[in-house]
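Visitor: Provided below for reference: sequence and predicted model.
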Amino acid sequence: MSRLQVVSGKGGTGKTTVAAALALALATEGKRTLLVEVEGRQGIAQLFETEALPYEERKIAVAPGGGEVYALAIDPELALLDYLQMFYKMGGAGRALKKLGAIDFATTIAPGLRDVLLTGKACEAVRRKDKSGRFAYDYVVMDAPPTGRITRFLNVNDEVAGLARIGPIHNQAQAVMRVLKSAETAVHLVTLLEEMPVQETADGIAELRGARLPVGRTIVNMVRPEVLDAGDLELVRTVPRAAVAKSLSSAGLGGARRGGNAERLVDPLLAQADEYAERYALEQEQRAVLEELGLPVHELPLLAEGMDLAGLYELARELREQGLT
Amino acid sequence: MSRPEPAHTHDTARQPHHPQHLSPARVLDLDPLLDDPKTRIVVCCGSGGVGKTTTAAALGLRAAERGRKVVVLTIDPARRLAQSMGIDSLDNTPRRVKGVEGDGELHAMMLDMKRTFDEIVEAHADPERAAAILGNPFYQSLSAGFAGTQEYMAMEKLGQLRARDEWDLIVVDTPPSRSALDFLDAPKRLGSFLDGKLIRVLLAPAKVGGRAGMKFLNVGMSMMTGALGKLLGGQLLKDVQTFVAAMDSMFGGFRTRADATYKLLQAPGTAFLVVAAPERDALREAAYFVERLAAEDMPLAGLVLNRVHGSGADRLSAERALAAAENLEEPRIVDQEGGKAGLRNSPETYDSSESPAPEASAPDEGSPAVTDLERLAATDEPQPVAPHLERSVDQLTAGLLRLHADRMQLLSREQRTRDRFTALHPEVAVAEVAALPGDVHDLAGLRDIGNRLAANRPELPDPAAGA
């Protein structure tokens, strides 16, 4: 099991939720995980129903069996000042740089450096050991940028190592790449059973492979329950309206004759079944596309009551049951 | 599809004053906005995955088919959506879309940010200097798409299109940002950076070089350069310095353009549409956006709420549908009496206090229900129903009811989420767009969405309820 788990996915697929559930799942049975947020959206704090996360590692949840989940929202500016202090003992110079706008420059106008700092911080957490030589965290889970940018994000250190051909940034960038390209790392892609996210997943996997970054698994999120199976859908096409009206009536929903309450439900209910059938067919198509990508595919259910803390634990249990941990 | 048109179901089963409908004051009527010659720019923004690009394309098509000359600037369209508009070749120029009906014109383009950046450089520098910039490694990384560049280039392209003044209306999609607000901030950031002292620090050594430069720099600044060199590595700093020096003459231009584009966004001819889906996160982001736009004096036209679900049978509650489904799924409980529903249930009302679950459990072989069924089938449908079908029909009907219960639960969840937003922002007009089962791949699909977008007229009932 790789110690750095990177979770990416198209916007709107719920990658933050999956990352959080994975962090919980990996913490089960007394392990300690760090959940890292790099995009400054405070999505993790919202999920765990706590106040905004500061730039410090902070315990946010307890997993079944005594495990602990820590969370860290990386602030690129503070991360840069950290580095200046750590590598150069430049606390004061850092403040001066900030005044000049250099920090702003480094973290926004040249966001490549920002990505270096973000990945660097995550890799530092992966490698960190306590006094007894144990790893500080058993696993680090990163809620990473979306699929469209993930390869560039993870590969930025290669680029920067090329740009900054010598110096500490160069060395740092190379050290980070060694972690990211090793078996220590696995990049998972979250998708929905819809055409665009699946297409983006396929593209993302090709890009990651092209950059020789370790691709992990495909996680299909928000899978709707199968209410009608293929046989039901076959019957929907041929069933006489009157028979359905009759059946509705027998269930106590009113009269089956034309204009009766049960009869008037038939068309809307069958129309909903048609929509379901159309979506069902599309979903089956997308499942087939995902299977062809050659990665293990996992499915997480759509939570009927919407996403909350209890739902997060449910998804974590689901991930464990499916052997993701 | 073998089913009757949804519009038909609509008529048979809707109730006129269902509580899910928006109050008229909050309904966003899009056609007047699109038709108004004073509307020159529509910006579609919102978080990722809510259908921004599709909304932008559908609005563009609708405006064109209502007679305007429109260009749609998309940032990162899905392949098939791009193909549907004939812009799958990425050449950074608007192309006319074929198949548009009516007198208007629709042009569409996909942003190529590197080329946009290159074009600015070429337009503002003499060929020699331009070549130096384009060949600079730092420039190559910056322009090839570090996060932030895309936002700036999208705004730059918008400014260019507007300056050409060839179109009545520009509809622009915004980049799939980590935050929906990045595109507002990116040009400003560039502006403040270009204004900053850092530029001068970076410029000084490259411009005047070595010792001569020292007299222009105070000690602190030279220390900074040293620190930067130490941090970035000498070569990168040199690349940055060369880049900045080469760009020096262009900075004025850059800044002016960034400022002009920003002002354009505040101008009266611009309308912002915040796009969202009826989900908690998307609407939270939308609320944030609404607040930011207000703070920046950016004109907000309203919220487009995509993928709203409805039901033609919305007066049958989830609870009741589930109870009825359970009833059908217990085969031995549905007795002969149950078969003649009219005897036990008051057939024309739903608020009968009687429980739909019968107590008796007599077997129903050869039940009168079948005769009843056949008789009904004979009157309503040409083909008779074989008795063995009844069981599977019951199972199917139970499935239909469960499907309906899911739909109703989704509906009420979406409604709660939306109501939370409208309670916070009662001033924001909302247009709801019914969810489609599949993706859009052609102009007909876009036209359909355009119709759904514009169907939110105050005097009409909510179209989402029938989808």
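Guide: Received the coordinates, thanks.
Visitor: low-confidence ranges in the stretch 101-250 of chain B?
Guide: B:138, B:141-142, B:144-148, B:176-183, B:186-241, B:244-250 (pLDDT under 70).
Visitor: what segments of chain B are strands?
Guide: B:41-45, B:69-74, B:95-96, B:105-110, B:169-173, B:270-276, B:300-308, B:430-434 (DSSP state E).
Visitor: to A:Arg224, which of the ones you listed lies closest?
Guide: A:Arg224 lies closest to strand B:300-308 among the strands of chain B, at 13.8 Å (Cβ to Cβ). Bear in mind the C-beta positions are built from the backbone N, C-alpha and C, glycine included.
Visitor: that closest one and chain A, any residue contact?
Guide: No. Using Cβ under 8 Å from any Cβ of the partner chain, strand B:300-308 never reaches chain A; the gap is at least 10.2 Å.
Visitor: JSON lines for the strands of chain B, including mean neighbour count and distance to B:Arg452?
Guide: Formatted as JSON lines, the strands of chain B follow (neighbours: other Cβ atoms under 10 Å in any protein chain shown; distance: least, Cβ to Cβ, whole Å):
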{"stretch": "strand B:41-45", "mean neighbour count": "26", "distance to B:Arg452": "15"}
{"stretch": "strand B:69-74", "mean neighbour count": "25", "distance to B:Arg452": "18"}
{"stretch": "strand B:95-96", "mean neighbour count": "14", "distance to B:Arg452": "25"}
{"stretch": "strand B:105-110", "mean neighbour count": "23", "distance to B:Arg452": "18"}
{"stretch": "strand B:169-173", "mean neighbour count": "27", "distance to B:Arg452": "17"}
{"stretch": "strand B:270-276", "mean neighbour count": "25", "distance to B:Arg452": "14"}
{"stretch": "strand B:300-308", "mean neighbour count": "24", "distance to B:Arg452": "9"}
{"stretch": "strand B:430-434", "mean neighbour count": "25", "distance to B:Arg452": "5"}
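Visitor: the ones you listed: which one's closest to A:Val266?
Guide: Here strand B:430-434 is closest among those (Cβ to Cβ), at 20.8 Å.
Visitor: and that closest one with strand B:300-308, angle?
Guide: 20 degrees (axes from the mean of the first three to the mean of the last three Cα atoms, to 10 degrees).
Visitor: I'd like the strands of chain B as TSV, with distance to A:Pro296 appended.
Guide: Output for the strands of chain B, formatted as TSV (distance: least, Cβ to Cβ, whole Å):
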stretch	distance to A:Pro296
strand B:41-45	36
strand B:69-74	34
strand B:95-96	41
strand B:105-110	34
strand B:169-173	34
strand B:270-276	33
strand B:300-308	29
strand B:430-434	36
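Visitor: looking at these, which is closest to B:Ala294?
Guide: It is, among the strands of chain B and with distance given as Cβ to Cβ, strand B:300-308, at 7.1 Å.
Visitor: which strands or helices does the closest one pack on?
Guide: If contacts are counted by 3 or more Cβ pairs under 8 Å, 6 or more residues apart in numbering or on different chains; DSSP states H and E, strand B:300-308 sits against helix B:52-65, strand B:270-276, helix B:280-295, helix B:389-424, strand B:430-434.
Visitor: tell me the domain boundaries of chain A?
Guide: A:4-224+A:302-321, A:230-277 (automatic domain parsing).
Visitor: worst average pLDDT in these?
Guide: For these, mean pLDDT drops lowest on domain A:4-224+A:302-321, to a mean of 86.
Visitor: start and end of it, how far apart?
Guide: Its start and end residues considered, domain A:4-224+A:302-321 measures 20 Å (Cα to Cα, to the nearest Å).
Visitor: centre of the chain versus it, how much separation?
Guide: 10 Å (Cα atoms, centre = their mean, to the nearest Å).
Visitor: ok, A:Gly67 - contacts?
Guide: With contact taken as Cβ atoms under 8 Å, 6 or more residues apart in numbering or on different chains, A:Gly67 is in contact with A:26-33.
Visitor: now do A:Val140
Guide: A:3-5, A:33-34, A:36, A:122, A:125-126.
Visitor: highest neighbour count among the residues you listed?
Guide: Most neighbours among the contacts of A:Val140, by other Cβ atoms under 10 Å in any protein chain shown: A:Val36, with 29 neighbours.
Visitor: tell me the phi and psi of that residue?
Guide: Torsion angles at A:Val36 (phi, psi; degrees, to the nearest 10) stand at phi -110, psi 130.
Visitor: how about the one 3 residues further on?
Guide: With angles defined as degrees, to the nearest 10, A:Glu39 shows backbone torsions of phi -110, psi 10.
Visitor: now do A:Glu51
Guide: The phi/psi pair for A:Glu51 (degrees, to the nearest 10) is phi -70, psi 170.
Visitor: that one: how many residues sit nearby?
Guide: 7.
Visitor: surely it and A:Ile44 touch.
Guide: No. In this structure A:Glu51 lies outside contact range of A:Ile44 using Cβ atoms under 8 Å: 11.5 Å.
Visitor: one step back: with distance to A:Pro146 and mean pLDDT as added columns, please give the helices and strands packed on strand B:300-308 in a markdown table.
Guide: Below are the helices and strands packed on strand B:300-308 laid out as a markdown table (distance: least, Cβ to Cβ, whole Å; pLDDT from 0 to 100):
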| stretch | distance to A:Pro146 | mean pLDDT |
| --- | --- | --- |
| helix B:52-65 | 14 | 94 |
| strand B:270-276 | 17 | 95 |
| helix B:280-295 | 14 | 88 |
| helix B:389-424 | 22 | 91 |
| strand B:430-434 | 23 | 92 |
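Visitor: give me the low-pLDDT residue ranges for the stretch 251-400 of chain B?
Guide: Across the stretch 251-400 of chain B (using pLDDT under 70), the flagged ranges come out as B:251-255, B:331-391.
Visitor: repeat that for 80
Guide: B:251-259, B:331-391 (pLDDT under 80).
Visitor: coming back round to it: pull out the buried residues from the contacts of A:Gly67.
Guide: A:26-28, A:31-33 (16 or more other Cβ atoms under 10 Å in any protein chain shown).
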